[in-house]
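J.: Predicted model, plus sequence, below.
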Amino acid sequence: MGMNERGELREVPEGLRPPAWWMLWANPVFLRYVRARLRASALGVSVLITVIVSAFSFLFMPLVFERVEEGKIRSFRELQQYVARNPRQLTEPVIQAVLQNPPRVQTPEMYQRMALLPLLVIQGVILFVLGTGQVAGGMTAEADEGMVDYQRLTPMRPVAKAMGYLFGLPVREYVMFAVTLPFSGMAIWRGGVGFADWGPVALVFATSVLLYHLTGLVAGTVLKNRRWSFLLAMGLVFLLYSLVPQGARFGLPFLRYVTLWPVAMEHAGMFPRDQVEAWRLASGHTPGAGVPFFGVSFSPLVFTLVVQGSLILTLFVMVWRKWRRAEAHLLSKPWAAVLFLWLHTLVIGNALPLVATDNLFPSSGFKRYIVRQMWRPRMDEAVVMCGFYGVLTMLMVVLIAIMITPTQDTQERGHRRAVKAGRRGAPVLADESSAFLWVVFMVVTGAVAWAWFTRALMGSPWFRSDPGWTAVLWFGVVLGVAALPFHALLETRGARWPFLVTVFGGVVPVLAALVVAAAARRETPVKAVWVAGASPVALAALAVEHVSAEAGPVRAQRLHEAAGSSLRTWLPVQAALAVLPLVGLRRHWRRRRAGVIGAE
């Protein structure tokens, strides 16, 4: 064991080497939480409650299901006996329909499968909700107590530290989850469920846990308030399984693949048939149809793993960057740009093959209750779907801009280092450099993707029209007047000014427009359209309505004309107002450069 030229050890003694990232049993961070969160006093209560609830579900649900099925069979036989005594009742349509659909005779294995869904829900609550909240809240508490700064001084690699927190903070929840596994295993065995059914569900359940816990870890790293990080993490999980999958009803079916349900419905042989039929009727899922992606078809398992895997990788990079350097941004500028393009590729690649079918439109669910040939999507649906795509694109640009925009202190430090190194400024790819050009790149590419989606939807066989590529210009201006001033204020004034402008300039006009529309009663809400035009968010919907003027006959003439007039009036106003923050950004660059050079 010798020294190098800088006086450092060439080889670290075996007992002093930090553990590798995969050696959780030797990870000090993980072991610390094992000792803290697995104490008998607290763990015993959690395990006891979990065992009671799981045992109740395992024993109670099959018995209830069996009693319900026996009641259906008994009622059907009583109806047959009643009709035998009263033959005239056969003329009743309701009785004929019931007699033509006798209840199925379920096997004993099917009764045992009834416990799988409640157990899956219990496991999801433990790991998805409680575990994610614990990761987020625990990480924020670590930062408040100064333990994060202490861990930065240790010789462990950033990946090992991240793995210690990722699996150490929810270690109690993992033990609670492990307690439920014997009940699930027994239900699978007694229900005769094959590995081909439960294996994919278990795999995606594991990737979903990793995705949600990484989300909580990022939230706990960024937010400073433990309560808010805890609530935000659990709120995100709630949105993922409640509101986000509804985006599939508005032209973005890709959103449902961040959850467990597509794979669970595809491999639903592990659940009772009645439950499976109800799920598929509500969701419109067709087993075996595959997931279209441009000209290729993937299985729901593969596509879910691709979507969740890309998000897991991105979130882990965020955590790694913050552990490697505390002042680093969550994402580098190139990674943020690639992520933006990748998300649009997933959305468009999954949606475009479904345009010519009837599975992309919100009203397609009604075709189950009416004659299929009588159903046809309306142009209003296409306008709403394209507007929804535009609003999400705008939100993505703003969120990524927040991740890559440097603060004033960061910019000054970066430029000072650049001047000392003999350069005019920080490198373009550095965190300390301005993100303006990258935001412009996202605005342009987002406008192209938005126009691509709009043209494909309105040019489908349902409408056979083409708004033209002039939509790119309109959409680009709408995204630009929203994202570029936001970024300029964020870079020059900090986070407070963009927040206030977003609330009073983006949210308040939309809320006011809703009030005006509600007050209009039966009249056409023309005034509400004009009021909403003051918000860049509403301009996205107005822009789609405007470019759809060339997409067939005009719908609701007064409302359409009001939308076009409001767009042509408010868009120049928004553009003029956007000039002020951009001019301020240019002056900020000059003052910073002059101040740094003068100080040197």
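T.: Nice, I can see it.
J.: what about Leu252, how many residues close to it?
T.: 23 (other C-beta atoms under 10 Å). Placement of C-beta: from N, CA and C, glycine included.
J.: State the distance from the residue found closest to it once you drop the neighbours it is linked to in the chain to Ser46.
T.: Of all residues not flanking Leu252 in the chain, Val347 sits nearest, at 5.7 Å (C-beta to C-beta, 6 or more residues apart in numbering). Using C-beta to C-beta, to the nearest Å, Val347 is found at 40 Å from Ser46.
J.: Kindly report the same for Arg113.
T.: 27 Å.
J.: Between the two, tell me which one has more neighbours.
T.: Shown here are Arg113 and Ser46; by other C-beta under 10 Å, Arg113 has more neighbours (26 against 18).
J.: OK, contacts around the more buried one?
T.: 187, 191, 193, 270-272 (C-beta atoms under 8 Å, 6 or more residues apart in numbering).
J.: Ok, Ala233 next?
T.: Ala233 sits in contact with 132-133, 135-137, 212, 215-216, 219-220, where contact means C-beta under 8 Å, 6+ apart.
J.: wouldn't Leu117 be in contact with Met265 here?
T.: No. Using C-beta atoms under 8 Å, Leu117 makes no contact with Met265, being 11.9 Å away.
J.: quick one: Arg423 is in a strand?
T.: No. Arg423: not assigned to a strand; according to DSSP: H, G, I helix; E, B strand; the rest coil it is coil.
J.: All further residue positions should be reported with the first residue as 488.
T.: Yep, numbering from 488; the last one is Arg910 now.
J.: Could I get the contacting residues of it?
T.: Arg910 neighbours (C-beta under 8 Å, 6+ apart): none.
J.: before we move on, back to that, give the buried subset of the contacts of Arg600 as a ChimeraX selection command.
T.: In ChimeraX, this line selects whichever of those come out buried by 16 or more other C-beta atoms under 10 Å:
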select :674,678,680,757,758,759
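J.: so which helix or strand takes in the residue nearest to Leu839 when sequence neighbours are not counted?
T.: In space, and not counting its chain neighbours, Leu839 is closest to Ala943: 5.3 Å by C-beta to C-beta, 6+ apart. Using DSSP states H and E, Ala943 sits within helix 923-945.
J.: how far is that helix from where the chain is centred?
T.: Here helix 923-945 shows a centroid-to-chain-centroid distance of 20 Å under the convention C-alpha atoms, centre = their mean, to the nearest Å.
J.: and the nearest residue to Leu1072 once chain neighbours are set aside, what pLDDT?
T.: Among residues not flanking Leu1072 along the chain, Ala975 sits closest, at 4.0 Å (C-beta to C-beta, 6+ apart). pLDDT for Ala975: 93.
J.: Check the gap between Ala975 and Ile675 for me.
T.: 57 Å.
J.: Show me which of these two is the more surrounded one.
T.: Ala975 (26 against 21).
J.: Give me the below-cutoff pLDDT ranges for the stretch 788-937 of the chain.
T.: 845, 849-862 (pLDDT under 70).
J.: where exactly do the helices run in it?
T.: 820-838, 866-891, 895-907, 923-945 (DSSP state H, counting those that start in this stretch).
J.: Redo these as CSV? Include mean neighbour count and distance to Leu726.
T.: Shown next, in CSV, are the helices of the stretch 788-937 of the chain (neighbours: other C-beta atoms under 10 Å; distance: least, C-beta to C-beta, whole Å):
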stretch, mean neighbour count, distance to Leu726
helix 820-838, 19, 17
helix 866-891, 21, 13
helix 895-907, 17, 31
helix 923-945, 21, 22
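J.: can I get the ones you listed in CSV with distance to Trp1076?
T.: Listed next are those as CSV, based on distance: least, C-beta to C-beta, whole Å:
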stretch, distance to Trp1076
helix 820-838, 17
helix 866-891, 17
helix 895-907, 9
helix 923-945, 9
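J.: so which of the ones you listed comes closest to Phe962?
T.: Nearest to Phe962, of all these, is helix 923-945, at 4.2 Å by C-beta to C-beta.
J.: Please write out the alpha-carbon positions of that closest one in PDB.
T.: Output of helix 923-945 as PDB, limited to C-alpha atoms (Å, rounded to 0.1, in the frame of the first residue of the first chain):
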ATOM      1  CA  PHE A 923     -33.100  30.300 -23.300                       C
ATOM      2  CA  LEU A 924     -32.000  28.400 -26.500                       C
ATOM      3  CA  TRP A 925     -33.100  25.100 -25.100                       C
ATOM      4  CA  VAL A 926     -36.500  26.500 -24.200                       C
ATOM      5  CA  VAL A 927     -36.800  27.900 -27.800                       C
ATOM      6  CA  PHE A 928     -35.900  24.400 -29.000                       C
ATOM      7  CA  MET A 929     -38.700  22.800 -26.900                       C
ATOM      8  CA  VAL A 930     -41.200  25.500 -28.100                       C
ATOM      9  CA  VAL A 931     -40.400  24.700 -31.800                       C
ATOM     10  CA  THR A 932     -40.400  21.000 -31.500                       C
ATOM     11  CA  GLY A 933     -43.500  21.000 -29.300                       C
ATOM     12  CA  ALA A 934     -45.300  23.100 -31.900                       C
ATOM     13  CA  VAL A 935     -44.300  20.700 -34.600                       C
ATOM     14  CA  ALA A 936     -45.500  17.700 -32.500                       C
ATOM     15  CA  TRP A 937     -48.800  19.500 -31.600                       C
ATOM     16  CA  ALA A 938     -49.400  20.300 -35.300                       C
ATOM     17  CA  TRP A 939     -48.600  16.800 -36.300                       C
ATOM     18  CA  PHE A 940     -51.100  15.400 -33.900                       C
ATOM     19  CA  THR A 941     -53.800  17.900 -34.900                       C
ATOM     20  CA  ARG A 942     -53.300  17.300 -38.700                       C
ATOM     21  CA  ALA A 943     -53.400  13.500 -38.200                       C
ATOM     22  CA  LEU A 944     -56.600  13.700 -36.100                       C
ATOM     23  CA  MET A 945     -58.400  16.100 -38.300                       C
END
